[in-house]
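[1] using only what follows, build the 3D model:
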Amino acid sequence: MKQFLSFIGFNYIFIHRDKALTINYITKSVMPSRRISNWHYVYVLRSKKDGDFYIGYTTNLRRRFLEHNAKRSFATASRTPFEFIYTEVCKNEDDAKRREQYLKTTQAP
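    As a prediction, the model looks like this:
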């Protein structure tokens, strides 16, 4: 099962069999996601158990997603399993923190 995570320029990031892959949209070539590991990701997860959302940021989406589903995060351990809902890419940690805080504090209609 492939799960679409994010679109970065001409690249898509997928999780396939617990491996993060980046697929170039133009050439259809596959490359390991660690080639863009200097990026910071803001992500939204939805619990399949209770339907609530979790918002966070990381430099390694695959590792963080697996940690959440393996109950290694205290904040989400009781709400597993999770699915990705949304991912954004930021060039630096400060931008990722600001965007995470914005998504956590903004009220939806």
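
[2] just for this protein, where's the confidence low?
    In the prediction, the chain carries residues with pLDDT under 70 at positions 1-37, 107-109.

[3] swap in 90 and give it another go.
    Counting by pLDDT under 90, the low-confidence segments of the chain come to 1-39, 61-62, 73-75, 84, 91, 105-109.

[4] which parts of the longest helix belonging to it are buried?
    Of all the segments of type helix in the chain, defined by DSSP state H, the longest one is helix 93-105. Across helix 93-105, burial judged by 16 or more other CB atoms under 10 Å covers 96, 99, 100, 103. Placement of C-beta: from N, CA and C, glycine included.

[5] then stretch 43-62?
    Of the residues in stretch 43-62, 43-47, 53-58, 60-62 count as buried by neighbour count, 16+ other CB under 10 Å.

[6] wait, which of the residues you listed is closest to residue 70?
    Using CB to CB, residue 62 comes nearest to residue 70 of those, at 12.2 Å.
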